[in-house]
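Engineer: pasting the sequence and the predicted model now:
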Amino acid sequence: MKKLLIALVFAPFAALVAAPAALGSEAGYRLDHAPIDSKDVVSLQAGARTFANYCMNCHGAQFVRYNRLGDIGLTEAQIKDNLLFAGEKVGDTMKSALSVKDGKAWFGVAPPDLSVIARSRGGDWLYTYLRTFYRDPNTASGWNNAVFPNVGMPHALWTLQGERALEVVSEKEGGHETHEYKWSQISEGRQSATQYDATVRDLVNYLVWMGEPSANARRKIGVVVLYFLGVLFVLAYAMKREFWKDVH
């Protein structure tokens, strides 16, 4: 009975831990660690610029308003000059110019809203996904992805990364099948491999921040609360000893 109760209590937590891992390995491709730093304001601003220039043609972030970018150090004037291109207002939500109807017609499914995509997929998944597109003549878009096979999304950042090809070599050893991924460059992009990784890192950093803009403030408040509770515990313990000192 005791073991059953323990299993029932910890089963939901085990599922939460296992879900991201299963999601990350759904295509069998090893995920790279995303060097995320939510306190790196320069990185967040660069990621916001990349998001506005390359992602918002198809994707929106309807749960985030432009003026929220003031939290990463952007002024209202900077937001207007660098991120608003179609007459939007600073107080508007970050909606895509692509309609749901056109999205379904062009890609077979409407591109998802990216407000909380980092909380859904995880930073490592996004970081690896955006760096593993390759040319595939068998798909409608001409692109495919090692992390998300047969994805409907074309490579929005290909002019930066260039065009790459992927060869997957499968081997069976000891009853287990392993895959070796061999990448080759077809054409060069405007950025080197190092520069492109940095661009993707900034973009993913921004997507993670956008999924929970108040995370940094919440952590600061949490630290203050813990210190307060620590001091309160000491005072409460001292009061307890004073009240009970004559009780034997």
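Structural biologist: Yep, that arrived.

Engineer: going forward, measure contacts between C-alpha atoms and count neighbours the same way
Structural biologist: Fine.

Engineer: all helices for this structure, in order.
Structural biologist: If DSSP state H is used as the criterion, the helices of the chain fall at 2-24, 41-50, 76-83, 100-107, 117-121, 123-129, 158-161, 193-211, 215-244.

Engineer: between the ones you listed, which one is nearest to Thr139?
Structural biologist: Nearest to Thr139, of all those, is helix 100-107, at 11.2 Å by CA to CA.

Engineer: quick check: domain ranges of the chain?
Structural biologist: Following automatic domain parsing, the chain resolves into domains at 2-213, 217-248.

Engineer: can you give me the mean pLDDT across the last one?
Structural biologist: What it means is domain 217-248. What domain 217-248 shows for mean pLDDT is 81.

Engineer: how much distance is there from it to the middle of the chain?
Structural biologist: Put simply, domain 217-248 sits 38 Å off its chain's centre (CA atoms, centre = their mean, to the nearest Å).

Engineer: residue contacts, the most centrally placed residue in the chain?
Structural biologist: Nearest to the mean C-alpha position of the chain, by CA atoms, centre = their mean, lies Ala118 at 2.9 Å. By CA atoms under 8 Å, 6 or more residues apart in numbering, the contact list for Ala118 reads Leu126, Val204, Leu207, Val208, Gly211.

Engineer: hmm, 10 Å instead?
Structural biologist: Neighbouring residues of Ala118 by CA atoms under 10 Å, 6 or more residues apart in numbering: 124-127, 204-212.

Engineer: if we can go back for a sec, what about the helices of the chain, which gets the closest to Gln62?
Structural biologist: That would be, of the helices of the chain and by CA to CA, helix 193-211, which comes in at 11.0 Å.

Engineer: now the angle between helix 215-244 and the closest one, please.
Structural biologist: 50 degrees (axes from the mean of the first three to the mean of the last three CA atoms, to 10 degrees).

Engineer: which other helices and strands contact helix 193-211?
Structural biologist: In terms of contact count using 3 or more CA pairs under 10 Å, 6 or more residues apart in numbering; DSSP states H and E, helix 193-211 is assigned the packing partners helix 41-50, strand 61-65, helix 117-121, helix 123-129, helix 158-161, helix 215-244.

Engineer: can you add distance to Thr139 and give these back as TSV?
Structural biologist: Converted to TSV, the helices and strands packed on helix 193-211 look like this (distance: least, CA to CA, whole Å):
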stretch	distance to Thr139
helix 41-50	26
strand 61-65	27
helix 117-121	23
helix 123-129	17
helix 158-161	16
helix 215-244	39
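
Engineer: quick one: closest of the ones you listed to Arg135.
Structural biologist: Closest among the helices and strands packed on helix 193-211, once you apply CA to CA, is helix 158-161, at 10.1 Å.
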